[in-house]
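1. Sequence and predicted structure are below.
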Number of protein chains: 2
Amino acid sequence: MQNLLNDIDNVLLMGPGPSCVPPEVYQALSKPTLGHLDPYFISIMDGIKEKLRVLLNTRNELTIPLSGTGSAGMEACFVNLVEPGDKVLVLVNGVFATRMVDVAQRLGAEVDALEFQWGTPVIPQQVAEQLKNNSYAIVAVVHAETSTGVRNPVEEIGALLKGSDTLFLVDTVTSLGGIDVRADDWGIDALYSGSQKCLSCPPGLAPATFSNRAFDKIKNRATKVPNWYLDISLIAGYWEGSKRAYHHTAPINMLYGLYQALVLIEQEGKDAAFARHAQMHAKLVQGLEELGVEMLVDKPYRLPMLNSIHIPSAVSDEAASRARLRSEFKIEIGAGLGPLAGKIWRLGLMGYTAREENIRRLLNALKVILE
Amino acid sequence: MQNLLNDIDNVLLMGPGPSCVPPEVYQALSKPTLGHLDPYFISIMDGIKEKLRVLLNTRNELTIPLSGTGSAGMEACFVNLVEPGDKVLVLVNGVFATRMVDVAQRLGAEVDALEFQWGTPVIPQQVAEQLKNNSYAIVAVVHAETSTGVRNPVEEIGALLKGSDTLFLVDTVTSLGGIDVRADDWGIDALYSGSQKCLSCPPGLAPATFSNRAFDKIKNRATKVPNWYLDISLIAGYWEGSKRAYHHTAPINMLYGLYQALVLIEQEGKDAAFARHAQMHAKLVQGLEELGVEMLVDKPYRLPMLNSIHIPSAVSDEAASRARLRSEFKIEIGAGLGPLAGKIWRLGLMGYTAREENIRRLLNALKVILE
């Protein structure tokens, strides 16, 4: 019988995620499965919570990985915090904020979408204007917009909300582990991320944190959360306290992988990891410029881990060129999404991918492709 | 720095799941991560769908693993099929059917719970009576009730619904891979399972299937599914057709594990796997009877993979005895849940756990514990 797993290529993952996975994380995934209420497993859960708090710069007790991919993190934040009729402001400059609008509307929120041009950042002054004339239960923004490569000014937006009753909800799927995320300092009330970007663990988990006032809102809802699987109050009963109550069976081996990914960041030092992302980004941009390739995003707003480039004019069939990178050079890069489909490529430098040898390999391959 | 992963015990998992994982599945988990739109990864996805169809005895096109644990499967079936005000009948004789009631109510369903004593099966005649006097959009039942060890007569309940417009929703979390599941023959419209029971893959995925008429109901909903992450129409766009649309990043390495788990069942032969579960169950029951231990469930309704026993009178502190099994013998067994907490233990014989050497090891340990 044919087993497709025997012939999986070792692909250099330089797209928008998943990123390359270090050998230690692969090893962690295949450690012996424990029961989800096993006392030793619970100590690993506690270790994950502690390490996430350090990386997120938060003292939030409720700092846990959710049992789904980054999109489940988005779903969890909205479904727990939105009550029907709540006014929600989403700051939109890419695919993932657009998705937030859809998610919130499905849950009965009255959503205002404040739109900014894709490839440019959210402008805090415009947000301030919007907040002057409206009152919102939640303001939501994407820190690192994976569809464009733009870094949004989360700190400045958070400052606009200080002292208000508005909850601040932030997507850090692509930023966490690659640039600094300061949940408490920036006034973030709910935040989710994904395991498969700068944490360099395979996809399947969504680290998340909730401030006390976010958790208070959840506990004081008029109606039950319309999602049993992602009900944060129930999940908290499994992840916290001295007596753990079974909710759902946690994805044990994926959690081993996340634990190890967090150990590796701890060993490198998070500031060193951020510096590495910045340095590798600079090297990549320099190499791209030498090839005559142009960046989509203006310099001050560029993400180090997600580099969007205009598809060079030498490329006649962009899908064919990406397919050639994959088949001939065993490199994956990302296509454009939405209005940027066919116009940009997205080059990832996330976590374990962000190393000089990978940049050299990509630049050499691009050189051939552009010949 | 301490790394807790270095000291994970190899525990014999004889509780209600997760079950023991075969070495081939651990190896699969640590194969190189591919992109979620990589053409080779798509061929692995297609392989999983084909193998699941064989195991589920279904021709349903929409037969896929969902990106969450078994409970996410429950959530997905209800959130896609329930529209507010729908009448839903849940046949309740354990924790997981009780959970179904909660899940459906949160989604705005009008739920009738037809209750049967825990430890006994659903009685089809009573279901028939209920159906005479009421009309339901959905009837839901748990095939293998993990909280009690009872096998419910899914085939007979399905027969009662033939020719009606009622959709038949079945939980096969614990049954799939251990006893026969015949989705099409039994008239099942929506079904979910979990990776961590008789499939012997770690937790994290929920295999599911939807009949054409279930999918038609989903496509013709008056309102969007109030759960973007588990919206089956969007997920189908990623798992089906010649052009795969990105929805969320699939849990790549977990899917490798599931693929390998399905390969192993294929290699053994599913009927041989079911026979092995039955034989090991018989051996375990015989050994337990020799120890004077009594089964909770009457013989005709017992599940082979989940054996509930009355806690023997020689056990004064049941939690301490389970802790001793874990620490001294490195064996995990399950506690009772809900009204059966403190009254029963649950002994799992799921998938790779269902082997003679494991039964011997458990019986020998129990003998010491009961001395």
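-> Structure received.
2. Show the residue spans covered by the strands in chain A.
-> Shown for chain A, the strands assigned by DSSP state E span residues A:12-13, A:63-66, A:87-92, A:110-115, A:138-142, A:144-145, A:150-151, A:167-171, A:190-192, A:206-210, A:306-310, A:331-332, A:334-335, A:344-348.
3. which stretch among those comes nearest chain B?
-> strand A:331-332 (4.7 Å; Cβ to the nearest Cβ). Every C-beta, even on glycine, is put in place using the N, C-alpha and C of the backbone.
4. Run through the neighbouring helices and strands of the closest one.
-> strand A:12-13, helix A:318-329, helix A:356-369 (3 or more Cβ pairs under 8 Å, 6 or more residues apart in numbering or on different chains; DSSP states H and E).
5. List the contacts of the shortest one.
-> In this case it means strand A:12-13. A:19-20, A:329-332, A:348, A:353, A:358, A:361-362, B:33-35 (Cβ atoms under 8 Å, 6 or more residues apart in numbering or on different chains).
6. how about 7 Å then?
-> A:19-20, A:330-332, A:348, A:353, A:358, A:361, B:33, B:35 (Cβ atoms under 7 Å, 6 or more residues apart in numbering or on different chains).
7. residues from the stretch 101-250 of chain A in reach of chain B?
-> Applying Cβ under 7 Å from any Cβ of the partner chain, we find that the stretch 101-250 of chain A lies next to chain B at A:102-103, A:106-107, A:196, A:202-204, A:224, A:226-229, A:248-250.
8. from those, which is closest to A:Ile179?
-> A:Gln196 (16.6 Å; Cβ to Cβ).
9. Quick check, pLDDT for that closest one.
-> The score at A:Gln196 is 98. That number is its pLDDT.
10. One more: A:Glu268?
-> At A:Glu268, pLDDT is 98.
11. what's the closest of the contacts of strand A:12-13 to A:Ser67?
-> Closest to A:Ser67, out of all of these and judged by Cβ to Cβ, is B:Thr33, at 18.8 Å.
12. Report the contact partners of the closest one.
-> If you count contacts by Cβ under 7 Å, 6+ apart, then B:Thr33 has A:13, A:18, A:21, A:202, B:252-253 around it.
13. Out of those, which comes closest to B:Lys243?
-> Taking Cβ to Cβ as the measure, B:Lys243 lies nearest B:Ile252 of the contacts of B:Thr33, at 19.6 Å.
14. What is the neighbour count of that closest one?
-> 24 (other Cβ atoms under 10 Å in any protein chain shown).
15. tell me the domain boundaries of chain A?
-> A:10-18+A:269-369, A:23-266 (automatic domain parsing).
16. Determine which stretch of those is the most buried.
-> Ranked by mean neighbour count under mean count of other Cβ atoms under 10 Å in any protein chain shown, those are led by domain A:23-266, which reaches a mean of 22.
17. start to end distance for stretch A:339-357?
-> End-to-end span of stretch A:339-357 (Cα to Cα, to the nearest Å): 32 Å.
18. which residues touch that stretch?
-> By Cβ under 7 Å, 6+ apart, stretch A:339-357 touches A:13-17, A:19-22, A:118, A:147-149, A:177-178, A:197-200, A:276-277, A:280-281, A:283-284, A:296, A:304-311, A:318, A:333-336, A:362.
19. And for stretch A:111-123?
-> A:88-94, A:101, A:104-105, A:126-127, A:130, A:134, A:141, A:148, A:150-153, A:157, A:296-297, A:301, A:339-340.
20. related to what we said a few turns ago, of the strands of chain A, give the one that comes closest to A:Lys270.
-> Closest to A:Lys270 of the strands of chain A, according to Cβ to Cβ: strand A:206-210, at 13.8 Å.
21. strands paired with the closest one, and their directions?
-> When pairing is defined by DSSP bridges, strand A:206-210 lines up against strand A:63-66 (antiparallel), strand A:190-192 (antiparallel).
22. Make JSON lines from the ones you listed and add mean pLDDT to it.
-> As requested, the strands paired with strand A:206-210 are exported to JSON lines (pLDDT from 0 to 100):
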{"stretch": "strand A:63-66", "mean pLDDT": "98"}
{"stretch": "strand A:190-192", "mean pLDDT": "98"}
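23. Export those as JSON lines, with columns for distance to B:Glu268.
-> Compiled in JSON lines, those are given as follows (distance: least, Cβ to Cβ, whole Å):
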{"stretch": "strand A:63-66", "distance to B:Glu268": "34"}
{"stretch": "strand A:190-192", "distance to B:Glu268": "40"}
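24. nearest to A:Ser164, of those strands?
-> Set against A:Ser164 and scored by Cβ to Cβ, the strands paired with strand A:206-210 come closest in strand A:190-192, at 15.1 Å.
25. ok, A:Ile311 - contacts?
-> Contacts of A:Ile311 by Cβ under 7 Å, 6+ apart are A:318, A:343-345.
26. who touches the longest helix belonging to chain A?
-> Ranked by residue count and defined by DSSP state H, the top helix of chain A is helix A:270-290. Under the criterion Cβ under 7 Å, 6+ apart, residues A:55, A:177-180, A:265, A:295, A:304-305, A:307, A:309, A:347, A:349, A:354-356, A:359, A:363 lie in contact with helix A:270-290.
27. just the angle between it and strand A:344-348, please?
-> Counting by axes from the mean of the first three to the mean of the last three Cα atoms, to 10 degrees, helix A:270-290 lies at 140 degrees to strand A:344-348.
28. Which stretches in the stretch 151-300 of chain A count as helices?
-> Ranges of helices in the stretch 151-300 of chain A, per DSSP state H, counting those that start in this stretch, are A:154-161, A:212-219, A:232-239, A:252-268, A:270-290.
29. Can you read off the pLDDT for A:Glu371?
-> Reported pLDDT for A:Glu371: 87.
30. quick one: low-confidence ranges for the stretch 201-350 of chain A?
-> Applying pLDDT under 70 to the stretch 201-350 of chain A flags no residue at all.
31. which residue sits closest to the residue of the stretch 251-371 of chain A found nearest chain B, ignoring its sequence neighbours?
-> For the stretch 251-371 of chain A and chain B, the shortest gap (Cβ to the nearest Cβ) falls at A:Pro251, measuring 3.5 Å. Among residues not flanking A:Pro251 along the chain, B:Gly204 sits closest, at 3.5 Å (Cβ to Cβ, 6 or more residues apart in numbering or on different chains).
32. How about A:Gly187?
-> A:Gly158 (3.9 Å).
33. now A:Leu169
-> A:Ala140 (4.2 Å).
34. residues contacting the closest residue to A:Tyr40 other than its chain neighbours?
-> Closest residue in space to A:Tyr40, ignoring its immediate chain neighbours: A:Leu34 at 6.2 Å, by Cβ to Cβ, 6+ apart. Neighbour list for A:Leu34: A:40-41, A:252, B:8, B:11 [criterion: Cβ under 7 Å, 6+ apart].
35. Now tabulate the contacts of strand A:12-13 in JSON lines and tack on distance to B:Leu62.
-> As requested, those are exported to JSON lines (distance: Cβ to Cβ, whole Å):
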{"residue": "A:Ser19", "distance to B:Leu62": "30"}
{"residue": "A:Cys20", "distance to B:Leu62": "33"}
{"residue": "A:Lys330", "distance to B:Leu62": "33"}
{"residue": "A:Ile331", "distance to B:Leu62": "33"}
{"residue": "A:Glu332", "distance to B:Leu62": "28"}
{"residue": "A:Gly348", "distance to B:Leu62": "31"}
{"residue": "A:Thr353", "distance to B:Leu62": "34"}
{"residue": "A:Asn358", "distance to B:Leu62": "38"}
{"residue": "A:Arg361", "distance to B:Leu62": "39"}
{"residue": "B:Thr33", "distance to B:Leu62": "26"}
{"residue": "B:Gly35", "distance to B:Leu62": "23"}
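36. Farthest pair within those?
-> Top of the distance list for these (Cβ to Cβ): A:Arg361 and B:Thr33, 17.1 Å.
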